[in-house]
Every structure is written in C-alpha cells, then in structure tokens.
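In: Following is a predicted model, sequence given first.
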Amino acid sequence: MSIPKNARIYVAGHRGLVGSAIARELRRQGYSNLITHARAELDLLDSQAVNRFYADSKPEFVIDAAAKVGGIHANNTQPASFLYENLTIQNNLIHGAHLAGVKKFLFLGSSCIYPKLAPQPLKEEYLLTGPLEPTNQWYAVAKISGIKMCEAYRRQYGCNFISAMPTNIYGPNDNFDLNTSHVLPALIRKFHDAKENNASSVVCWGTGNPLREFLYSEDLARACIFLLDNYDAEQFINVGSGAEISIRELAETIKEIVGFNGRIEWDTSKPDGTPRKFLDSSTMFNMGWRPEIDIKTGIQRAYASLLENYPNDK
C-alpha cells in the first residue's frame, strides 16, 4: 500500500521525540495533509474525546507515537502511571481507529518488551518467552498489550493494524530531564551541566558494562513511513540500527562531543538494567530499509538540540 501524498495522516504524540521526527519527515517527503493535536487540544486518556476526534478529523492513516516514557528511575517510582496511562492511550487510539474505519494503523512499541535474559540478538519470536526486566516491566507490559491488541483487531475485524518495535531512540527534541530521561539524553545533560559548572567529575550509574543499541529519531521516522508503504503483516517487526555500544563507551563518546575535561566515576550501587539488548532487525533490513545516521553524528545533533533548547542553562 503506497500512501498518497495528500492522505490524511494523524501522528499521535507529535511533540515528543519520535512523533516530532515522524511529522518532520512526512512533511519533508511531501505529505501535505498531516493532522496533529497537542495534549491541550486532545486528551488521549479520554476515550470520548478520542472518538470525537476520529469522527471530526477522519484520518486515513494513524501513527501512534504517543506514550508516557522515561528511564529506570521514572519507571521504578511511577509504576501505576506507566501502566495505566500507556494502556489507556493505546486502547483509545486503537479501538477508536477501528470504529472510525482507519485504513492503516502503525503502533510503536519498545525493545523492552523482550524477556530480560532472552537470547541475543532479540528475534521477534522471543516475545513472552521469559520474565521481563523488573526496572521497566510496567511500560513493557503496556506495550506488549498494544501489540496484542493490534493482532486481535486484525483477526476479529480485519483491520490493517501493524506494530513496530524500535530500539532505544534519541535525537532532537529529546527529554533531557535527569529525573525522567533515558540513558543517552541523560548522559548528554550530565556532561553538559558538568562542563558548564566546571565540575571535576561526572557520576554515571552502574558498571558501564551493559550493551545498548541506539537509533537516531529521523532514521526511525523514515522506517515508519517505509512500513506504512511496504508492510502489512500481523507479526510485529523490529527496527534497530544493527550496531551496539557499551554504556561506558557511550559515556566516553558523549564526554568528548560535549567537551568535558573531567573524569567519569561509576556508581556501582545503582542498577545496570538489562545486560544486553540488541535487536535482530534482519526482516526490516531484508525489505530494503537501512539507517543513515551513525551514533557519533547522532549524538552531535542531539547535543546541538540541547544547546538550542537550553541556551542559557547553567
């Protein structure tokens, strides 16, 4: 299914890291009929409001990039909020899309859906084969439910609802709040603040040994449009970069890019999280999609975004 350039496309969560990248990429590729609503205009936790939106706006295609997200600290301290809000948002969007007769719906999950100790790299069939990582299980359970909901609506109603599982995403418009952000933007912010304050060291959580995979947000945006055009199967599909890096090496890279001259200290009393989380994205790669932005270039762009958003921040 090739999407017409004048199709009515709704991007849920268009102000977030992923949603904003998708909206920018759609416009860059010439899609002229985007539908976006800020939270003040449309509360995705309100099912009646969502159904009214579908009836009034009549989107033909929907990309669900709306979610309550955060790092280890946020997941550990707000388990009920992460579970309830994510379940409610995706339930309202998916069920509303069915009622409104949306032509195609793309649900975006997260690589945290996989069992903590699943074999590496992570293949799609490893879903639900073991216990989840405890530090983000609430978010993971919600995202697994979203995948299964899309599958269920396909089977019962014949809806063309698909799901994609991105790896760790970063880029412009990221969340750099140290209390709620993910590891890469949190490290950028830590090193930036340390540089601004002439600190002698930066303390990083854990041992630095875990391996992580990162994908630049604009690469994910291109992947989403590629999937809307080329993928119609029930099986959710992994979207990764095909490369991984240790947290220690990531910290050293960010330190260099930010220009911090102090030392790095590792607080091993803090949790590492999953030891390794590397997606098998071979299905996606075999279809002809590949990421374009390497990790160093991506971090440089993400840091430029922080400087733009916090020009006078000390």
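Out: Done, it's in.
In: Tell me where the stretch 51-200 of the chain has strands.
Out: 61-64, 104-108, 161-166, 168-170 (DSSP state E, counting those that start in this stretch).
In: could you dump those to a markdown table with mean neighbour count and mean pLDDT?
Out: No exception for glycine: its C-beta is placed from N, CA and C like everyone else's. As requested, the strands of the stretch 51-200 of the chain are exported to a markdown table (neighbours: other CB atoms under 10 Å; pLDDT from 0 to 100):
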| stretch | mean neighbour count | mean pLDDT |
| --- | --- | --- |
| strand 61-64 | 26 | 98 |
| strand 104-108 | 24 | 98 |
| strand 161-166 | 24 | 98 |
| strand 168-170 | 23 | 94 |
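In: what would the ones you listed look like in CSV with distance to Trp289?
Out: Converted to CSV, the strands of the stretch 51-200 of the chain look like this (distance: least, CB to CB, whole Å):
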stretch, distance to Trp289
strand 61-64, 16
strand 104-108, 14
strand 161-166, 11
strand 168-170, 15
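In: between those, which gets nearest to Ile89?
Out: For Ile89, the closest of the strands of the stretch 51-200 of the chain is strand 61-64, at 8.1 Å, according to CB to CB.
In: Just checking: what are the partner strands of the closest one?
Out: strand 9-12 (parallel), strand 104-108 (parallel) (DSSP bridges).
In: Alpha carbons of that strand, in CSV - could you do that?
Out: Output in CSV follows, covering the C-alpha atoms of strand 61-64 (Å, rounded to 0.1, in the frame of the first residue of the first chain):
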residue,chain,number,x,y,z
PHE,A,61,-3.6,6.6,8.4
VAL,A,62,-2.5,6.8,12.0
ILE,A,63,0.9,6.5,13.5
ASP,A,64,0.8,6.0,17.3
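In: what does it contact?
Out: Contacts with strand 61-64, where a contact means CB atoms under 8 Å, 6 or more residues apart in numbering, come from 3, 7-13, 19, 22, 90, 93-94, 97, 102-108, 146, 224, 228.
In: switch to 6 Å and redo it
Out: 7, 9-12, 22, 93, 97, 102, 104-108, 224 (CB atoms under 6 Å, 6 or more residues apart in numbering).
In: Tell me the one of those nearest Ile257?
Out: Ile22 (25.4 Å).
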